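A.B. asks: Any chance you can model this:
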Amino acid sequence: MTRLYNLLVDLSQPFDVAQVAGIEIGEPETADERTLAWIDDVFGGAWSSEAFAGSNVIARRDGAPIAFATIDPSGLKYAWLQGVAREPGVGIAGPLGVAPSERRRGIGSLALHRALGALRARGCSRALLPAVSEDLLSYYTAVAGATVAEQFDRTALYRPGRRVLVMASGNGSNLQAVADAVRSQTLPVDLVAMLSNNLHAFALTRARDAGIPSHAIAWNRRDESREEYDRRLLGAAAAEQPDLVLMLGWMHLLGGPFVDAFAEIVNLHPAFLPLDPARDEVTMPDGAQIPAFRGPRAVTDALAASSLWVGATLHRVTHATDRGPVLARKPLRVAPGEEEAELMERVHELERGVVRSGLMRWLYER
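C.D. replies: Model prediction:
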């Protein structure tokens with residue numbers, strides 16, 4: 001049984017806020033785009049979204065981020081933030097992350113102490129360190145005097161068996177990865193059906209082989225209007241009564257009525273999209289700025305623009321194409337001279353981890 005722990009720190013105690021030679025550790029600030037991208041690159045998961053939602057103590061060496069600690073993120077819906085986290089005088093401290101090459105130098109404890117001191121300055125009497133894994137209990141006890149306030153069986157933090165409808169137009173390698181994760185019980189959802197708008201999509205074969213009911217719903221443009229096809233597609237999707245519509249390589253732009261019909265639709269996009277959906281550029285871990293590469297040819301467009309970076313993002317679907325809130329994302333550096341086919345293989349490999357991370361976040365937020 002894997003457990004998570006909410007820890008409490010008494011903020012009446014003093015905290016060491018000394019500097020380390022060669023390291024800049026500032027006061028809490030809004031995380032810059034480079035730091036957010038670095039968090040995704042080093043740690044994966046959804047920590048950048050949490051950092052984006054709060055203030056951050058950021059440690060830098062030669063201007064580059066090497067550690068961060070988030071305080072008071074707002075708007076998060078995780079199950080572990082529904083108890084002690086809501087008590088008066090409690091502030092949130094976390095997540096905390098230190099680059100692997102910088103660990104065991106005391107940088108993490110200094111960033112945490114700076115964050116805890118900032119919470120005390122904001123009037124908090126206690127700090128909650130949320131969702132800590134068992135292997136870190138002794139660390140937080142030693143560096144901050146933390147004590148266990150709540151503990152959770154990880155599987156009790158979400159409802160298993162959520163009904164997921166997959167929509168795919170192509171090869172279906174990500175569908176296969178999700179199906180494999182469901183079968184191995186590492187992804188606790190129920191794949192109720194798969195829809196494709198392509199009669200020849202290999203995703204249909206993958207779905208049938210995995211025992212997932214599959215339906216090809218193609219659009220004959222000569223005999224059917226766009227509106228008629230979209231109504232037929234909506235009817236087929238609604239018949240499955242999904243808790244979540246998961247788009248994995250779906251190549252037909254969904255109409256407004258479809259988007260409005262389902263509260264939960266997420267899409268996998270083969271680019272590193274900005275956390276701010278209004279931005280048309282995104283900053284990468286090395287500080288480079290590249291276009292967001294929205295649209296159906298993201299990897300092709302990135303190579304055509306000589307971009308040194310691509311990536312993958314799982315995001316919520318809204319009426320604005322590829323501009324929904326991000327659930328999980330991860331950047332990928334393009335190798336010198338890399339051809340598109342080779343790069344796409346690496347992007348697909350990256351996507352599988354992004355999908356798993358994003359879906360687990362979605363489950364925890366339910």
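A.B. asks: ok, now which ones touch residue 272?
C.D. replies: Residues in contact with residue 272 (CB atoms under 8 Å, 6 or more residues apart in numbering) are 37, 40, 282, 284, 293, 309-313, 329-332. (Glycine included, C-beta is placed from N, CA and C.)
A.B. asks: Out of these, who's the most crowded?
C.D. replies: Counting neighbours by other CB atoms under 10 Å, residue 329 leads the contacts of residue 272 with 30 neighbours.
A.B. asks: The helix or strand encompassing it: partners in the sheet, and parallel or antiparallel?
C.D. replies: Element membership for residue 329 (DSSP states H and E) is strand 326-333. Using DSSP bridges, the strands paired with strand 326-333 in its sheet are strand 309-316 (antiparallel).
A.B. asks: Format the CA atom coordinates belonging to the strand it pairs with as CSV.
C.D. replies: Listed next in CSV are the C-alpha coordinates belonging to strand 309-316 (Å, rounded to 0.1, in the frame of the first residue of the first chain):
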residue,chain,number,x,y,z
TRP,A,309,12.8,22.1,-28.8
VAL,A,310,9.5,20.3,-29.1
GLY,A,311,7.4,18.6,-26.4
ALA,A,312,4.1,17.2,-25.4
THR,A,313,1.1,18.6,-23.5
LEU,A,314,-2.1,17.1,-22.1
HIS,A,315,-4.6,20.0,-21.8
ARG,A,316,-8.3,20.6,-21.4
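A.B. asks: what sits up against it?
C.D. replies: With contact meaning CB under 8 Å, 6+ apart, strand 309-316 is reached by 264-273, 284, 288, 290, 293, 298-299, 302, 322, 324-334, 343, 347, 350-351, 354-355, 357-359.
A.B. asks: from what I can see residue 11 touches residue 128, true?
C.D. replies: No. Counting by CB atoms under 8 Å, residue 11 stays clear of residue 128, with 10.8 Å between them.
A.B. asks: Between those two, which is the more surrounded one?
C.D. replies: Per other CB under 10 Å, whichever of residue 11 and residue 128 has more neighbours is residue 128, with 27 against 22.
A.B. asks: Please point out which parts of the host helix or strand of that one sit buried.
C.D. replies: Assessed by DSSP H and E, residue 128 sits inside strand 126-133. Residues 126, 127, 128, 129, 130, 131, 132 are the ones in strand 126-133 that count as buried (16 or more other CB atoms under 10 Å).
A.B. asks: And the residues you listed, which is closest to residue 183?
C.D. replies: Residue 183 has its nearest neighbour among the buried residues of strand 126-133 in residue 131, at 26.6 Å by CB to CB.
A.B. asks: how much space between the closest one and residue 72?
C.D. replies: Residue 131 is 16 Å from residue 72, where distance means CB to CB, to the nearest Å.
A.B. asks: that older thread, now the strand holding residue 128: mean pLDDT?
C.D. replies: For strand 126-133, mean pLDDT is 97.
A.B. asks: cool, stretch 209-228 as well?
C.D. replies: 94.
A.B. asks: Could you identify the most distant pair in the contacts of residue 272?
C.D. replies: Between any two of those, the greatest separation by CB to CB is 15.6 Å, found for 40 and 293.
A.B. asks: what's the closest non-adjacent residue to residue 213?
C.D. replies: Counting by CB to CB, 6 or more residues apart in numbering, residue 213 lies nearest to residue 193, which is 4.6 Å off, once chain neighbours are set aside.
A.B. asks: Is the one you found in contact with residue 212, as I believe?
C.D. replies: Yes. If you go by CB under 8 Å, residue 193 and residue 212 touch, sitting 6.6 Å apart.
A.B. asks: and for the two, which residues touch both?
C.D. replies: residue 166.
A.B. asks: Looking at these two, which has the bigger crowd around it?
C.D. replies: Using other CB under 10 Å, the more surrounded residue of residue 193 and residue 212 is residue 212, with 22 against 19.
A.B. asks: Touching, the more buried one and residue 180? I think so.
C.D. replies: No. Between residue 212 and residue 180 there is no contact under CB under 8 Å: 11.8 Å.
A.B. asks: sorry, back to before: and which of the contacts of residue 272 is nearest residue 26?
C.D. replies: Closest to residue 26 out of those is residue 37 (18.4 Å), distances taken as CB to CB.
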